[in-house]
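Visitor: predicted model, plus sequence, below.
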Amino acid sequence: MGSFTGRQRSLRTVVATLRLGFLIACPMWVLAQTGFDSKACRIEGTHTVLCFNLKDDSNPRAGVVLTIDSPTNKESLLFLPFETKSSDPDPTLLSTWGSYEGFTLVSFVEVNGGSHVIGLDPVFESYADDDDLAPKSSLYFRRRGLERLFVYQHSVQSRQSNFSEQIRNLASRPIDVVGIVRPKDAKGLELRDGRTENPAAFLSREQSRFYHANDEGGNGSKIEVKYALQPTPLQKQALLYSGKLAGALIAPIIAILFLSAKENVRPTTRRIVLWILGLVQLVFCCYLVYTAWSIRGETGTSGILDWAMALISAVTAGLPLWLKRDAQLKELALRP
């Protein structure tokens, strides 16, 4: 019996060691899996920061950075006014998560002191126009070409009439600061009145911007940020050469179109060639316009101007051919 008890203790020691190693290694594993970078969202002296990490444009993430000064072993509750698809709990923090219609609840026990991170996969609403803001949702992220518009309406559940009385009466831990991490090299775009954000951030650090979660009256702040992504080298090259190729095709099309009647010895072949060149020109032009609209910058404007200059030059050069062809057609019509 004594030998069996000794083996049990050894097994428990091994299990405890493995669990400790897992707790130490797991935060880095969670960061690698979720892509939520909590380092860009930390502020000294702030207890609760809700952060939106927009660095990965295809997969924006959110997270809550909690600071527990002294463990109390009490359960705390976080209310977030948007839905989430999943949660990445901090392995050093005992917590539960639930997503409901219009909001998310995260509960945790303040057992371990220090800083803790709870990653979230938020549900972003999208809309077509600036004025098309559905009142039922608090989180928007619009993509229009390389242009991005982020809107977050913070809410305090006790002041929201659209929530049930049970939800409004919940004692939740308040959000102190809302942070937004923009992609690297993102360029701010005018939102209104020459401003790229509303309200103005009280703290800026590299790509991170921080805003007060509530205004002076205690109401939730509405945070709007507008910016543009930089085009990739492939997008720039594709736009540059599509404009040049489209411009290069204009001259032969004009020359064949205004071919003189005497030189038009193969009218069927001429029509086929015109159709082929016209379709190719149409494809290049559609791609040029679409890419320029997506990029919406100096590169897009340059591509459109290159094509327009080639078009004007070709039409100007083809005008004498058209006048000459018109005169030849009249001469042939007057012959008996």
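Guide: All right, it came through fine.
Visitor: list the contacts of residue 123.
Guide: Shown here is residue 123, whose contacts under the criterion CB atoms under 8 Å, 6 or more residues apart in numbering are 82-85, 99, 139. Glycine gets a C-beta too; all of them are placed from N, C-alpha and C.
Visitor: just the buried ones from those?
Guide: When burial is judged by neighbour count using 16 or more other CB atoms under 10 Å, the buried members of the contacts of residue 123 are 82-84, 99, 139.
Visitor: thinking again about what came up before, dump the contacts of residue 123 to CSV, plus secondary structure and distance to residue 153.
Guide: Formatted as CSV, the entries for those read as follows, by DSSP: H, G, I helix; E, B strand; the rest coil; distance: CB to CB, whole Å:
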residue, secondary structure, distance to residue 153
82, coil, 9
83, coil, 14
84, strand, 16
85, strand, 19
99, strand, 18
139, strand, 8
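Visitor: any chance of those in CSV, plus pLDDT?
Guide: As requested, the contacts of residue 123 are exported to CSV (pLDDT from 0 to 100):
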residue, pLDDT
82, 91
83, 91
84, 92
85, 91
99, 90
139, 90
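Visitor: residue 121: which of the residues you listed is nearest?
Guide: Nearest to residue 121 among the contacts of residue 123 is residue 85, at 4.4 Å by CB to CB.
Visitor: work out for me the element the nearest residue to that closest one once chain neighbours are set aside sits within.
Guide: Beyond its immediate neighbours in the sequence, the residue positioned closest to residue 85 (CB to CB, 6 or more residues apart in numbering) is residue 121, lying 4.4 Å away. Here residue 121 sits within strand 114-122, counting by DSSP states H and E.
Visitor: cool, and residue 209?
Guide: Applying DSSP H and E as the criterion places residue 209 in strand 208-212.
Visitor: can you give me the strands in the stretch 201-336 of the chain?
Guide: If DSSP state E, counting those that start in this stretch is used as the criterion, the strands of the stretch 201-336 of the chain fall at 203-205, 208-212, 222-228.
Visitor: can you say which of those is nearest to residue 149?
Guide: Taking CB to CB as the measure, those were each checked against residue 149, and strand 222-228 came out nearest at 5.0 Å.
Visitor: tell me the helices and strands packed up against that closest one.
Guide: Contact partners of strand 222-228 among helices and strands, from 3 or more CB pairs under 8 Å, 6 or more residues apart in numbering; DSSP states H and E: strand 147-153, strand 177-181, strand 187-188, strand 197-198.
Visitor: deepest of these, which one?
Guide: Using mean count of other CB atoms under 10 Å, the stretch among these with the largest mean neighbour count is strand 177-181, at a mean of 23.
Visitor: average pLDDT across that strand?
Guide: Model confidence over strand 177-181, given as mean pLDDT, is 93.
Visitor: and for stretch 120-127?
Guide: If you average the pLDDT values across stretch 120-127, you get 83.
Visitor: next, the buried residues of that stretch.
Guide: Neighbour-count burial for stretch 120-127, counted by 16+ other CB under 10 Å, picks out 120-122, 124-125.
Visitor: want to throw these into a markdown table with distance to residue 284?
Guide: Output for the buried residues of stretch 120-127, formatted as a markdown table (distance: CB to CB, whole Å):
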| residue | distance to residue 284 |
| --- | --- |
| 120 | 44 |
| 121 | 40 |
| 122 | 40 |
| 124 | 35 |
| 125 | 36 |
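Visitor: where does pLDDT dip in the stretch 51-200 of the chain?
Guide: Scanning the stretch 51-200 of the chain for pLDDT under 70 picks out 126-136, 157-171.
Visitor: for it, just list every one of the strands.
Guide: Chain-ordered strands for the stretch 51-200 of the chain, with DSSP E, counting those that start in this stretch as the definition, fall at 61-68, 75-80, 84-88, 95-100, 103-109, 114-122, 139-144, 147-153, 177-181, 187-188, 197-198.
Visitor: what's in contact with the last one?
Guide: The set of residues that contact strand 197-198 without belonging to it, under CB under 8 Å, 6+ apart, is 188, 191-192, 209, 222-226.
Visitor: equivalent analysis for the fourth one, please.
Guide: The list of residues contacting strand 95-100 from outside it, by CB under 8 Å, 6+ apart, reads 83-85, 87, 89, 104-109, 118, 120, 123.
Visitor: with the second one instead?
Guide: Surrounding strand 75-80, the residues in contact under the criterion CB under 8 Å, 6+ apart are 48, 50, 64, 103-110, 118, 120, 156-157, 167, 170-173, 175.
Visitor: buried among the residues you listed? Need that as a selection in ChimeraX.
Guide: The following ChimeraX line selects those of the contacts of strand 75-80 that are buried, judged by 16+ other CB under 10 Å:
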select :48,50,64,103,104,105,106,108,109,110,118,120,156,157,167,172,173,175
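Visitor: on that earlier part again, flag every buried residue along the strand holding residue 209.
Guide: Under the neighbour-count criterion of 16+ other CB under 10 Å, strand 208-212 has 208-212 buried.
Visitor: from the contacts of residue 123, which is closest to residue 148?
Guide: Proximity of these to residue 148 (CB to CB) peaks at residue 139, which lies at 13.8 Å.
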